[in-house]
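[1] build me a model:
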Amino acid sequence: MLNRRAVLLAGPAVLGLLASGCAAPTPAGGSGSDPRSMLLADGYEPESLNPLLGYGLEGASKFYDGLLAFDGRSELRPALAAAPPRPSPDARSWTVTLREGVRFHDGTPFDAEDVVATYRAATDPAYASTVGSDYAMVERVSALDPRTVRFDLAYPYSAFPARMVLGIVPSEALAEPAPLAESPLNTRPVGTGPYELVEWRRGDQMTWRANEDYWGGAPAIKDVTVAFAEDDNTRAQRLRSGEFDGTVLPPVLAESVGRDGYRTVYHETADYRAIALPNDHPVTGDPAVREALNLAVNRQGMIDALLGGHGTPAHTPIPGSMAEEHEPAATFPFDPDRAARILDEAGWRAGPDGVRQRGGQRAEFTVMYFADDSLREDLARAFASDAAAIGVHVELAGVDRAAVPARLDTDGIVLGGGNPVDADPQSYDSLHSSAIGTGTYNNPGKYRNAEVDAALDAARRSTDPAERAAHYRTVQRAYVEDPGLVYLTFIDHAYVMREGVWDGYRPVVEPHTHGTTWGPWWNLQDWKPAA
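    Presented below is the predicted three-dimensional model:
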């Protein structure tokens, strides 16, 4: 049989792609006089453009579409699906009708076999997909006909629509069940999204071109260049000179450059920062210590001093943006005096140097932070200072990311994460005991709480929204009675964007991931030149 995409991975698909290291000077001048083009700057360059290796994991990808898409606030809407998915009464089977008339960037048609191939590759160990653990509930995916797909799950999972934002790739690209590390899609994406990749100069820049045949309508912004500049100050200086049309920056720095034709915007997020504590440690394994640390940290003080006020105190992983699921009473007041009393009552007494001891064990432990992340370092230092005020010594260690896994059994870490699409991916892998050992940052402190586990499982299995929300509120109430981490803040993401050139900006609640695929440009395909 003739392969309907025989040219998928050869010929025209390689146009303009240069090998790693062949960098050229980044263009200057921003959008200039042509509002149909845009030049953005990002501090992060992706390692891969393959959704099965984590690219666009929360659904914001300009090259791919999922069956569903995030609407920017708290809902999912059909994308490659023609209508919302239909669950069975027990949420163990989900049927999806697909949109008609959709084509991949290479001109070939999208149908059910592409969905089946994508999700099978996510779950088949032969492909070594890095997102496989997110789809562990998928037992079987079947094409009922070219326009209908059914997912059969191993257990009831009412949050499954949140997993339907996965970018769909052509089935021919997955014909061989081999590790995806060598897939051509990693550098030459072929999807159904609003933009196509024209060129990727590793370490320098990436250029997108509007997909004129996009099923949602051809984007009015025809050409987008994303320049990669890791250093925050460098991006700020180049933007101040007028070179860029927009970039992501830390909040305080963004405020300093968001003027003279630019504006600064802040986006609410589900992106938390927390201190993950090793629950098997002789100090942090003590519930009294964990409670005391939660009472000792000045969350609002950290936000004011380190984020310029652009954040929200976090006490559990469920943010206020998840209004129905959020439990506003599940909080820890800033009360270092009470924290000290709890430690006294638990037998932790101040030693000669002010550090508490019990049974010969000093109240001390180590907290790691990524050495290249200044905000995590600042939060670690603030946490250590607050802990010292109640007699707990925190040793800090700036580490390379590769060094983290080997130390998680004994050391804490400044943890980040967040997904605004649903409370299940936001909380389950962080708190459920079954997540231990399923991924480096899935419940890394080995937190175990039977009541939290039961409520998370009940929420996962319920299809009634009000019932699910009640279970998540139970999770939070049970968690604050027996905390396993010290959640600090949901950080606002800050961006600077050129004013008066385009219309279409809409604020968005963002995940942990941010940059030029999210930010003001999350819905770039809907923007128009200003009238």
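
[2] who touches the longest helix seen in the chain?
    Ranked by residue count and defined by DSSP state H, the top helix of the chain is helix 465-481. If you take Cβ atoms under 8 Å, 6 or more residues apart in numbering as the criterion, helix 465-481 is touched by 158, 294, 315-316, 318, 322, 324-327, 329-332, 423, 427, 431, 449, 451-452, 455-456, 458-459, 462. In this view, the C-beta of every residue, glycine as well, is placed from N, C-alpha and C.

[3] buried ones among these?
    158, 294, 315-316, 318, 322, 325-327, 330, 332, 423, 427, 431, 449, 452, 455-456, 458-459, 462 (16 or more other Cβ atoms under 10 Å).

[4] from those, which ones fall inside helices?
    Among the buried ones among the contacts of helix 465-481, DSSP H puts 294, 423, 427, 431, 452, 455-456, 458-459 in helices.

[5] a markdown table for these, including distance to Thr440 and pLDDT?
    What follows is these, written out as a markdown table (distance: Cβ to Cβ, whole Å; pLDDT from 0 to 100):
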| residue | distance to Thr440 | pLDDT |
| --- | --- | --- |
| Asn294 | 24 | 98 |
| Ala423 | 22 | 95 |
| Ser427 | 18 | 96 |
| Leu431 | 16 | 97 |
| Val452 | 21 | 98 |
| Ala455 | 25 | 98 |
| Leu456 | 20 | 97 |
| Ala458 | 27 | 95 |
| Ala459 | 25 | 95 |
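
[6] for those residues, which one is nearest Arg209?
    Nearest to Arg209 among these: Ala423, at 37.3 Å, using Cβ to Cβ.

[7] show me what contacts the closest one?
    For Ala423, the contact set (Cβ under 8 Å, 6+ apart) comprises 159, 318, 322, 325, 459, 468, 472.

[8] at 7 Å instead, please
    Contact analysis of Ala423 by Cβ atoms under 7 Å, 6 or more residues apart in numbering lists 318, 322, 325, 472.

[9] okay but Pro336 is in contact with Gly391, surely?
    No. Counting by Cβ atoms under 7 Å, Pro336 sits too far from Gly391 to count as a contact (10.2 Å).

[10] so for the two, which sits in the more crowded spot?
    Shown here are Pro336 and Gly391; by other Cβ atoms under 10 Å, Gly391 has more neighbours (24 against 16).

[11] which strand residues bridge the spatially closest residue to the more buried one that is not a sequence neighbour?
    Of all residues not flanking Gly391 in the chain, Arg356 sits nearest, at 4.0 Å (Cβ to Cβ, 6 or more residues apart in numbering). In this entry, Arg356 is beta-bridged to Ala350, by DSSP bridges.

[12] and the gap between Tyr495 and Val252?
    Distance of Tyr495 to Val252, given as Cβ to Cβ, to the nearest Å: 14 Å.

[13] neighbour count winner among these two?
    Under the criterion of other Cβ under 10 Å, the comparison of Tyr495 against Val252 puts Tyr495 first, with 27 against 14.

[14] part of a strand, is the more buried one?
    Yes. Assessed with DSSP: H, G, I helix; E, B strand; the rest coil, Tyr495 lies in a strand.
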